[in-house]
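1. Fold the following, please.
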Amino acid sequence: MMWIAGQPPGRPIQAEEIATGASIPCKFARNIFSQLVNSGLLRPHRGAVRGYSLARSASEITLLEIIEAYEGPFVKPWCFLNHDRVCNAESPCQLHHLWSGMRDSVCHILASRTLEGLAGSEGIKEAGHQGNKNSLSHPHREQP
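-> Next up, the predicted model:
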């Protein structure tokens, strides 16, 4: 999605080009694309000009939407203390309320960050910003 967001808006891009540009296997990319299309994040283009484009502007697509499109809802259906039991508000374990708060915080952060923002921060790093290319810098933490 980040690689697609860095391309000209609305231009259909073939799966092979996206996979190569994003450095992922094409078979894996096609599997992800079908889920992203079903979630309304990618638009498939058929006919003479085949490929995919973002279904909405990168500024309107949140990281939570992308994660949930592939992974499903951001919830924890099992118990941290006993994986054989389902933990929920009606039958919580000792860690349930802690996890719920952490999950809500992570969901809030992911829902408030957009694909445009993520692609922009990665673009800055590729342009020569010092730091680990595979991690996002924290705005309030000094970078080594």
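
2. And the average pLDDT for the longest helix seen in the chain is what?
-> Ranked by residue count under DSSP state H, the longest helix found in the chain is helix 96-112. Across helix 96-112, the average pLDDT comes to 88.

3. Name the residues that touch stretch 20-35?
-> By Cβ atoms under 8 Å, 6 or more residues apart in numbering, the residues outside stretch 20-35 that reach it are 2-3, 15-16, 18-19, 42, 44, 52, 69-70. All C-beta spots, glycine's among them, are computed from the backbone N, C-alpha and C.

4. can you put the residues you listed in JSON lines and add pLDDT, neighbour count and distance to residue 117?
-> Converted to JSON lines, these look like this (pLDDT from 0 to 100; neighbours: other Cβ atoms under 10 Å; distance: Cβ to Cβ, whole Å):
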{"residue": "2", "pLDDT": "89", "neighbour count": "17", "distance to residue 117": "10"}
{"residue": "3", "pLDDT": "90", "neighbour count": "18", "distance to residue 117": "15"}
{"residue": "15", "pLDDT": "92", "neighbour count": "17", "distance to residue 117": "25"}
{"residue": "16", "pLDDT": "93", "neighbour count": "12", "distance to residue 117": "27"}
{"residue": "18", "pLDDT": "93", "neighbour count": "22", "distance to residue 117": "20"}
{"residue": "19", "pLDDT": "92", "neighbour count": "19", "distance to residue 117": "24"}
{"residue": "42", "pLDDT": "95", "neighbour count": "24", "distance to residue 117": "19"}
{"residue": "44", "pLDDT": "94", "neighbour count": "15", "distance to residue 117": "25"}
{"residue": "52", "pLDDT": "94", "neighbour count": "23", "distance to residue 117": "21"}
{"residue": "69", "pLDDT": "94", "neighbour count": "19", "distance to residue 117": "18"}
{"residue": "70", "pLDDT": "87", "neighbour count": "13", "distance to residue 117": "19"}
